[in-house]
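Student: Here is the input, now give the coordinates:
(chains A, B, C and D)
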Protein chains: 2
Amino acid sequence: MQRPSQINSPGSRKGKPVSRQVLADHVYEELLESLMDGRLEPGATVSIDGTARDLDVSPTPVREALARLEHTGMVRRVALKGYRVAPVFTREDFAELMEARLAIEPVNARLACGRLTPERLAQLEQAVTDLRTAPRGPSFAEYRDYLEADERFHRLIAEQTGNQFMVAAYAALGGQVQRFRLFGGVGITDAENAIAEHQAVLDAMASGDPETAAAAMADHVRKVRGRAIADAPEG
Amino acid sequence: MQRPSQINSPGSRKGKPVSRQVLADHVYEELLESLMDGRLEPGATVSIDGTARDLDVSPTPVREALARLEHTGMVRRVALKGYRVAPVFTREDFAELMEARLAIEPVNARLACGRLTPERLAQLEQAVTDLRTAPRGPSFAEYRDYLEADERFHRLIAEQTGNQFMVAAYAALGGQVQRFRLFGGVGITDAENAIAEHQAVLDAMASGDPETAAAAMADHVRKVRGRAIADAPEG
DNA sequence: TGCCTGCCAGCCCTATAGGATCTGAACATG
DNA sequence: CATGTTCAGATCCTATAGGGCTGGCAGGCA
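Tutor: A predicted model of the protein is given here:
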């Protein structure tokens, strides 16, 4: 999840020149929010020229932003036909994602366990604290901080392995993690349980036993899967 | 690794209009070959305008091709500074890659084991056959078929899991797998052993026991690691 | 000799224009 | 009424031009 170094207030009027930064970053954020909130329905085409007109920029930065979004799986590109919003997660997609997380994240926890520095530990604790304090509303703008803290916790563990490829493998999943929140329209409903599980993972890693840390992470992922399936309205 | 549906002969002279396809695909292939052969040294800057002049196209398709290459890890982008060729593999990078493969590929073999169809089995056998017959020269053009068959074998197993995220996780590594061949300038020196190990993995999967298949895959990855470290000229 | 300053070429980034292609509807014809 | 054709609009794709910034180099000064 790449973010620009600075975001100026949304809702700004047209013609107002955006801050001196790469416009593609701005377009990326704008499209991401539209996708997360469901304003862009699955299957709808995302016109390059049309988006450029809406955001009052030229097609060039829109093209670059869409090229990045394609690698998150949120949009798909067909040559000479344009971009379309990818279909929503099904129950099967979600099960596959959890299966993959079960294969990768406990390994990350185990590898990271032996490399815990006080600095890194503090960052993990900060992430859990942010989880507790983040607002939880129905729109992406309201729960994005929560999601960001959640994602940051798991990514920090991946980075703590010191293995760039485990980070890359996790990132291949992480971009998709955000999407499943949408697949039933439910917001953040499992915050209390999830926070406790994150704390348990953190405690296990701090204790220094790799196997316990791996088990705690596996337990967390399984419980997330269980709760999400219970919450989902239908297939 | 996305490829255009058709590739016309490389080495074509300037001015020759490329086939009716998206130019970005062509630029992507051209840059990939330059990277794999080492014509673009690690750390060198890849100028957008300069590349456009060399290939006789405008900067726009070059920009899109580089955006795709960035996600393979071969080039890195710094905002407002341009693209640079990613640094070459060190011995530590290689160890990390093998550690990650050990975490992911045995799981793939286990998951794929229960879903073997005769058609898929035939594709795997074909990959091993191609490994035996592929030429093995020092330049990328000569050993690319060997590498392609190797990569195809492992990718087929990942796809056979039926889990799109395990495929994505493997792809996060797979794009890098090819590069490590470059890190000492050594060509294909372990073909006979590697072919036998691939055959062992295939046999284990055909027998239907998931744990045996996972063990065979883990054994293969470990032995690849051992041979490569023995071959490497230095750190 | 060493250091600072102004100039200049190159590059990234964005905007704009034009050609090529696809889609969809109106229209003519059997 | 069904079907093939034409035409207009939208869209993608590429090329070209210009603004703003960075980095190197020559020349002047202590």
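
Student: what angle separates the worst-scoring helix or strand of chain A on mean pLDDT from helix B:164-177?
Tutor: Scoring the helices and strands of chain A by mean pLDDT, DSSP states H and E places helix A:164-177 at the bottom, with a mean of 83. If you take axes from the mean of the first three to the mean of the last three C-alpha atoms, to 10 degrees, helix A:164-177 sits at 140 degrees to helix B:164-177.

Student: Tell me the buried residues in whatever helix or strand comes next after helix A:164-177?
Tutor: Sequence order places helix A:191-207 as the next helix or strand after helix A:164-177, per DSSP states H and E. The neighbour-count check on helix A:191-207 (16 or more other C-beta atoms under 10 Å in any protein chain shown) flags A:191, A:194-195, A:197-198, A:200-202, A:204-205 as buried. Any C-beta I mention is one placed from the backbone N, CA and C, and that applies to glycine too.

Student: now for helix A:191-207, which elements pack on it?
Tutor: helix A:91-113, helix A:118-133, helix A:140-160, helix A:210-231 (3 or more C-beta pairs under 8 Å, 6 or more residues apart in numbering or on different chains; DSSP states H and E).

Student: That helix: how far from the chain's middle?
Tutor: How far helix A:191-207 lies from its chain's middle: 19 Å, per C-alpha atoms, centre = their mean, to the nearest Å.

Student: what comes into contact with it?
Tutor: A:109, A:112-113, A:116, A:121, A:124-125, A:127-128, A:131-132, A:136, A:146, A:150, A:153, A:157, A:212-213, A:215-217, A:219-220, A:223-224, A:227 (C-beta atoms under 8 Å, 6 or more residues apart in numbering or on different chains).

Student: run the last query once more with 7 Å
Tutor: Contacting residues not belonging to helix A:191-207 are listed as A:109, A:112-113, A:116, A:121, A:124-125, A:128, A:131-132, A:136, A:153, A:212-213, A:216-217, A:219-220, A:223-224, A:227 [C-beta atoms under 7 Å, 6 or more residues apart in numbering or on different chains].

Student: Report the buried members of those residues.
Tutor: Buried among the contacts of helix A:191-207 (16+ other C-beta under 10 Å): A:109, A:112-113, A:116, A:124, A:128, A:131, A:153, A:212-213, A:216-217, A:220, A:224.

Student: Counting by contacts, list what the least confident helix or strand of chain A packs against.
Tutor: helix A:91-113, helix A:140-160, helix B:91-113, helix B:164-177 (3 or more C-beta pairs under 7 Å, 6 or more residues apart in numbering or on different chains; DSSP states H and E).

Student: With distance to DNA strand C added, can I get those helices in TSV?
Tutor: Listed next are those as TSV, based on distance: least, C-beta to the nearest atom of the strand, whole Å:
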stretch	distance to DNA strand C
helix A:91-113	27
helix A:140-160	23
helix B:91-113	25
helix B:164-177	22
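
Student: Rebuild the ones you listed as TSV, extending it with distance to B:L35.
Tutor: Shown next, in TSV, are the helices and strands packed on helix A:164-177 (distance: least, C-beta to C-beta, whole Å):
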stretch	distance to B:L35
helix A:91-113	27
helix A:140-160	26
helix B:91-113	16
helix B:164-177	11
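
Student: between these, which gets nearest to B:E29?
Tutor: helix B:164-177 (14.5 Å; C-beta to C-beta).

Student: what angle separates the closest one from helix A:91-113?
Tutor: Using the same axes, to 10 degrees, helix B:164-177 lies at 50 degrees relative to helix A:91-113.

Student: Contacts for helix B:164-177 next, please.
Tutor: Residues contacting helix B:164-177 (C-beta under 7 Å, 6+ apart): A:96-97, A:100, A:103-104, A:165, A:168-169, A:171-173, A:176, B:1, B:72-73, B:97, B:100-101, B:104, B:108, B:111, B:151, B:155, B:158-159.

Student: In ChimeraX, how would I select just the buried ones from these?
Tutor: Only the buried entries of these go into this ChimeraX selection, using 16+ other C-beta under 10 Å:
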select /A:96,97,100,103,104,165,168,169,171,172,173,176 /B:72,73,97,100,101,104,108,111,151,155,158,159
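
Student: tell me which parts of chain A are close to DNA strand C?
Tutor: Proximity of chain A to DNA strand C (C-beta under 7 Å from any atom of the strand) is limited to residues A:22-24, A:57-61, A:64, A:80-81.

Student: try 10 Å
Tutor: A:4, A:17-18, A:20-27, A:45, A:48-49, A:52-53, A:55-65, A:78-82 (C-beta under 10 Å from any atom of the strand).

Student: Kindly report the domain assignment for chain A.
Tutor: A:23-85, A:91-231 (automatic domain parsing).

Student: quick one, which of those is nearest to DNA strand D?
Tutor: If you check each of the domains of chain A against DNA strand D by C-beta to the nearest atom of the strand, domain A:23-85 wins as the nearest, at 3.2 Å.

Student: End to end on the closest one, go ahead and measure it.
Tutor: 21 Å (C-alpha to C-alpha, to the nearest Å).

Student: Low-confidence ranges, chain A, go.
Tutor: For chain A, residues meeting the criterion pLDDT under 70 lie at A:1-21, A:174-187, A:231-235.
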